[in-house]
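Asker: quick check, what structure comes out for this input:
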Amino acid sequence: MKKNSLAFKIISRILLFCMALGLVIFSIYYYYTRTTIERSARENAISLADNTISKIEEIIKPTETIPNNLAWIIETGAIPKDSILPFLTKVVKNNPSIYASAIAFEPYAFNKDKYYYSPYAYRNGDSIEETFLGAADYDYFIMDWYQIPSVIQQPYWSEPYYDDNGGNALLTTYSVPFYMNENGKREFGGIITIDISLEWLTDIVNSVKIFETGYAFLISRNGMYVTHPNREDIMNKTIFTKARELDDPQIRELGREMISGKSNLWNISLKGPGNVWIYHKQLSSTKWTLGVVYPNNEMYAELHKLNLIIIILSLIGLVLLMFFTTRIINKLLSPLTKFAKSARVIAEGNFNSELPAIETNNEMKELHESFQFMQNELANYIENLKETTSAKEKIESELRIAKEIQMGMIPHIFPPFPDMPEINLFASLESAKEVGGDLYDFFILDQNRLCFAIGDVSGKGVPASLFMAVTRTLLRSVADKSKNTAEIVQSINKTLSFNNESNMFVTFFLGILDVGTGQLNYCNAGHNPPVLIKNNKEVNYFEITKAIPVGLFEDFSYIEETIQIQTGDQVFLYTDGLTEAEDIDNKLFGDEHLLEFLRKNVILDPKLLIEKTIGEVAVHVNGHIQSDDLTMLSITFNGTNKKE
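Answerer: Modelled structure (predicted):
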């Protein structure tokens, strides 16, 4: 299949459209599915975090009530002082969630002789051990679990710590201040604590399973890892030291938001898991924060698998679509190839070329009928064209002969009167069509008088040329020695006006120059006024006379006028084809343009002046089609101004 064939273009556009449509649908599907997965993951993360926190709080909340009740018992004096340690042991024994408990008194508050007094009961395997805290190497008054709640005067969960002197385990302590009534006054008596082992907490958090590698972790209010899949990080690193190690400011910002108590979903990149989603929420009791980590690659794993299946199926579908589309389109368009071959044969002139048979009743059938119609019409057209061309060639031949005859009727040999040095004369005629309606003529009436004329017939073409020929013939026949210019023009007008059913007319200027005296008698019948170039200095139009063109009214009376021509003066005559020559913007050459041009070329003789004027008109029209005949006649008077 050729790349520039119609079948290839149709198939390629169908495939491009299908691919574009498929891409749009796939993009919408992918965006919607990814958004749904992210929304589901967020909801699942929130639910998972809430459930885990709920499990932790189920252990912590009931545990908080025990030291609160002990504080009330001690403050009311409901338990004797010598029964405090046994009672404390019983509390630890009856509450499996409590790893150890202590009642730490202020200095000398329990006994005036004892600076330290803090009975302490803790688990040791299956038994409950008893001991007393407080010594020079274990000054509990400066411990966080004692000092902070005593200052803030409210319960406090301590940071996780490893107790070497007490329970020898990783613990967190819940401290509650208690008060004693001394001499009717309520005074701070000390701190009641319960220690909870973090082993159960680690088990709860580590039981959170998210996909294959997702996990949960817990940090304290200072960012210390309380639980983490990497046990080396527990109580050894904070989330901020982790951020410094990885040089990751995003983890640092995450840690700040986690310890601030906010809940949010983050999308960050971690070393190892890569891009992950992390949802965090704070425990209301301990103010520790739980983080749930969702690996991106696992979260979108099923989506990626489904996308791969869709892409493979789409490619298979495109291949099948291309295969069947190619076969169907080639079958449907195969007649076009045959039509193209038939068209080439028809173009070579064989209009009876056989067309391919079409059995279907569709557009191809219409095309077949159109080709048949075209064959018949072309055959008829060529036959008519031959006849028309033959007739046209005949007409053109006749027009060429007519032009030769027309041009032969007007003088075209220059200089026309070599034996008459008193005048220098030149003329030019350029028809807009094969034949035209402009005319000029000049001839000698007698030894001293030159008769000359210029005219412009209305219309163009053959009718104008016939009217021009009649006018010129009449001029030659009626001009004689006894008539003046007005009488000659009036005689021509009377003849042309008689039975002039076509209403054609001719603007006409007739002049008779006495070469001995320089006297010019003339009659202007509606023609453009000639230009008089005075002795190479002044350039002006003849005065405009009020007379109509010849051929309109046979009884119209024309007037003869006279002007004196001096030696060196030149008379320039022209038709309106000069001043009305148009350029491409329909701007006329104009009367003023003509005067300005003649003033710049007053020294030229008639031949050079006319040739240069033709060049100036060509520059003005700049290739625009000539719309009217262009005729010029120029006479320079070289006489002596002596009368016979």
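
Asker: residues near the residue nearest to residue 73 when sequence neighbours are not counted, how many?
Answerer: Spatially, and ignoring its direct neighbours in sequence, residue 73 is nearest to residue 79 (5.3 Å; C-beta to C-beta, 6 or more residues apart in numbering). Quick note: C-beta positions are derived from backbone N, CA and C, even for glycine. The tally of other residues near residue 79 (other C-beta atoms under 10 Å) stands at 14.

Asker: look up how far residue 107 lies from residue 153.
Answerer: 18 Å (C-beta to C-beta, to the nearest Å).

Asker: to which secondary structure element is the residue nearest to residue 73 assigned?
Answerer: Counting by DSSP states H and E, there is no helix or strand that carries residue 79.

Asker: same deal with residue 420?
Answerer: For residue 420, there is no host helix or strand (DSSP H and E).

Asker: can you pull the contacts of it?
Answerer: Going by C-beta atoms under 8 Å, 6 or more residues apart in numbering, residue 420 touches 444, 450, 515.

Asker: go with 10 Å
Answerer: 444, 447-448, 450, 515, 638-639 (C-beta atoms under 10 Å, 6 or more residues apart in numbering).

Asker: other SSEs contacting the helix or strand of the chain with the lowest mean pLDDT?
Answerer: Within the chain, no helix or strand scores below helix 363-409, which has a mean of 73 by mean pLDDT, DSSP states H and E. Applying 3 or more C-beta pairs under 10 Å, 6 or more residues apart in numbering; DSSP states H and E, one finds that helix 363-409 contacts helix 301-347, strand 438-444, helix 461-478.

Asker: just the ones of the contacts of residue 420 in strands?
Answerer: Judged by DSSP state E, the contacts of residue 420 include 444, 450 as members of strands.

Asker: tell me which of the contacts of residue 420 is nearest to residue 277?
Answerer: Closest approach between those and residue 277, by C-beta to C-beta: residue 638, at 112.6 Å.

Asker: mind checking the SS state of the closest residue to residue 77 other than its chain neighbours?
Answerer: Distances taken as C-beta to C-beta, 6+ apart place residue 181 nearest to residue 77, at 7.4 Å, with adjacent residues excluded. Put simply, residue 181 is strand when judged by DSSP: H, G, I helix; E, B strand; the rest coil.

Asker: mind listing what residue 181 touches?
Answerer: By C-beta under 10 Å, 6+ apart, the residues touching residue 181 are 75-77, 187, 189.

Asker: what sits opposite it in the beta ladder?
Answerer: Note on residue 181: beta-bridge partners by DSSP bridges are residue 186.

Asker: so where do the strands sit in the stretch 51-200 of the chain?
Answerer: Here the stretch 51-200 of the chain has its strands, by DSSP state E, counting those that start in this stretch, at 100-105, 119-124, 127-132, 156-157, 161-162, 170-182, 185-197.

Asker: got the phi/psi numbers for the most far-flung residue of the chain relative to its centre?
Answerer: No residue in the chain sits farther from the centre than residue 113, which is 93.7 Å out by C-alpha atoms, centre = their mean. With angles defined as degrees, to the nearest 10, residue 113 sits at phi -100, psi -10.

Asker: numbering from 489 from now on, please.
Answerer: Understood, numbering begins at 489; the last thing we discussed is residue 601.

Asker: coming back round to it: the inter-axis angle of the least confident helix or strand of the chain versus helix 949-966?
Answerer: Between helix 851-897 and helix 949-966, the angle comes out at 10 degrees (axes from the mean of the first three to the mean of the last three C-alpha atoms, to 10 degrees).

Asker: which of the residues in the helix or strand following helix 851-897 are buried?
Answerer: Where DSSP H and E defines the elements, the next helix or strand beyond helix 851-897 is strand 911-918. For strand 911-918, the neighbour count (16 or more other C-beta atoms under 10 Å) marks 911-917 as buried.

Asker: residue 613: what's it in contact with?
Answerer: Contacts of residue 613 by C-beta under 10 Å, 6+ apart: none found.

Asker: can you pull the pLDDT of it?
Answerer: If you check residue 613, the pLDDT there is 80.

Asker: ok, now residue 1126?
Answerer: Looking at residue 1126, its pLDDT stands at 92.

Asker: next: residue 923.
Answerer: 69.

Asker: ok, residue 576 to residue 554 distance?
Answerer: Distance of residue 576 to residue 554, given as C-beta to C-beta: 10 Å.

Asker: in three-state terms, label residue 999 for me.
Answerer: Of the three states, residue 999 takes strand according to three-state DSSP.

Asker: bridging residues for it?
Answerer: residue 940, residue 1010.

Asker: which parts of stretch 535-546 are buried?
Answerer: Result for stretch 535-546 [16+ other C-beta under 10 Å]: buried residues 536-537, 540-541, 543-544.

Asker: with stretch 1011-1028 instead?
Answerer: Buried positions in stretch 1011-1028, judged by neighbour count with 16+ other C-beta under 10 Å: 1011-1021, 1027.

Asker: filter these down to just the ones in helices.
Answerer: Using DSSP state H, no member of the buried residues of stretch 1011-1028 falls within helices.

Asker: distance to residue 788 for those residues - can I get that in TSV?
Answerer: Output for those, formatted as TSV (distance: C-beta to C-beta, whole Å):
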residue	distance to residue 788
1011	107
1012	101
1013	101
1014	97
1015	97
1016	93
1017	97
1018	99
1019	96
1020	101
1021	99
1027	96
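
Asker: out of those residues, the closest to residue 780 would be?
Answerer: Closest to residue 780, out of all of the buried residues of stretch 1011-1028 and judged by C-beta to C-beta, is residue 1016, at 104.8 Å.

Asker: quick check: phi and psi at that closest one.
Answerer: Torsion angles, degrees, to the nearest 10, at residue 1016: phi -60, psi 140.

Asker: hmm, residue 1033 and it touching each other?
Answerer: No - between residue 1016 and residue 1033 there is no contact under C-beta atoms under 10 Å: 11.5 Å.

Asker: between these two, what contacts are shared?
Answerer: Common contacts of residue 1016 and residue 1033 (C-beta under 10 Å, 6+ apart): residue 997.

Asker: coming back round to it: would you tell me which one of the helices and strands packed on helix 851-897 is buried the most?
Answerer: Stretch with highest mean neighbour count among these: strand 926-932 (a mean of 21; mean count of other C-beta atoms under 10 Å).

Asker: next, the angle helix 851-897 makes with that strand.
Answerer: Using the same axes, to 10 degrees: strand 926-932 against helix 851-897 is 10 degrees.

Asker: what pLDDT, on average, does strand 926-932 get?
Answerer: pLDDT averaged over strand 926-932 gives 93.

Asker: helices or strands next to that strand in the packing?
Answerer: Right, strand 926-932 is packed against helix 851-897, strand 911-918, strand 937-945, helix 949-966, strand 994-1002, strand 1058-1062, strand 1118-1125 by 3+ C-beta pairs under 10 Å, 6+ apart.

Asker: between that strand and strand 1118-1125, how many degrees?
Answerer: Using the same axes, to 10 degrees: strand 926-932 against strand 1118-1125 is 20 degrees.

Asker: direction included, what does strand 926-932 pair up with?
Answerer: strand 937-945 (antiparallel).

Asker: state the mean pLDDT of the strand it pairs with.
Answerer: Averaged across strand 937-945, pLDDT comes to 94.

Asker: remind me which residues of the stretch 639-788 of the chain are low pLDDT?
Answerer: 651-657, 760 (pLDDT under 70).

Asker: can you tell me how far the closest residue in space to residue 738 that isn't next to it in sequence is from residue 613?
Answerer: Leaving aside its chain neighbours, residue 738 sits nearest to residue 756 (4.6 Å; criterion: C-beta to C-beta, 6+ apart). Using C-beta to C-beta, residue 756 is found at 44 Å from residue 613.
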